[in-house]
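> need coordinates for the below:
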Amino acid sequence: MTESSPFVARRERVIARLIARGEADPRLVAVWLEGSLADGTADPLSDVDAYLAVEDDAFDEVWAERLNLAANLGDVLVSADVPALGMVACILDGPI
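Presented below is the predicted three-dimensional model:
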């Protein structure tokens, strides 16, 4: 699998949608990647470990919309809330 594979292209589209969402939503103060995409060790099969920082006063509103926000990136197959950390983990349809 090469860096020009359909998997990589789809992953890049997800990241582009994530960035666009972060830029368009004033409740989101930062969007960043962690894991292999962030540290430069990604390969064509690497997943997207993305994080959002939310304005404190908008947290409850954004938390209530968390699955809709994730659905803007792709079809959510599975999600798991971690309320103590203010986090939701999602697996999207497709090779991501």
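> would you list every one of the strands in this protein?
28-34, 49-54, 76-82, 87-92 (DSSP state E).
> so where's the protein shaky on pLDDT?
Applying pLDDT under 70 to the predicted model, the residue ranges of the chain that meet it are 1-3, 95-96.
> gap between Asp39 and Val31?
Between Asp39 and Val31 the computed distance is 17 Å (Cβ to Cβ, to the nearest Å). C-beta coordinates here come from the backbone N, C-alpha and C atoms, glycine included.
> got it, and Asp93?
In this view, Asp93 and Val31 are 21 Å apart by Cβ to Cβ.
> got the contact list for Met87?
Contact criterion Cβ atoms under 8 Å, 6 or more residues apart in numbering gives Asp81 as the residues in contact with Met87.
> make it 10 Å
Shown in contact with Met87 (Cβ atoms under 10 Å, 6 or more residues apart in numbering): 51-52, 63, 66, 80-81.
> skipping its backbone neighbours, what lies nearest Leu37 in space?
Ser46 (5.9 Å; Cβ to Cβ, 6 or more residues apart in numbering).
> now Arg27
In space, Arg27 comes closest to Ala58 once its chain neighbours are excluded; the distance is 3.8 Å by Cβ to Cβ, 6+ apart.
> so how many other residues sit close to the one you found?
In terms of burial, Ala58 registers 15 neighbours under the definition other Cβ atoms under 10 Å.
> distance of it relative to Ala89?
In this structure, Ala58 and Ala89 are 21 Å apart, going by Cβ to Cβ.
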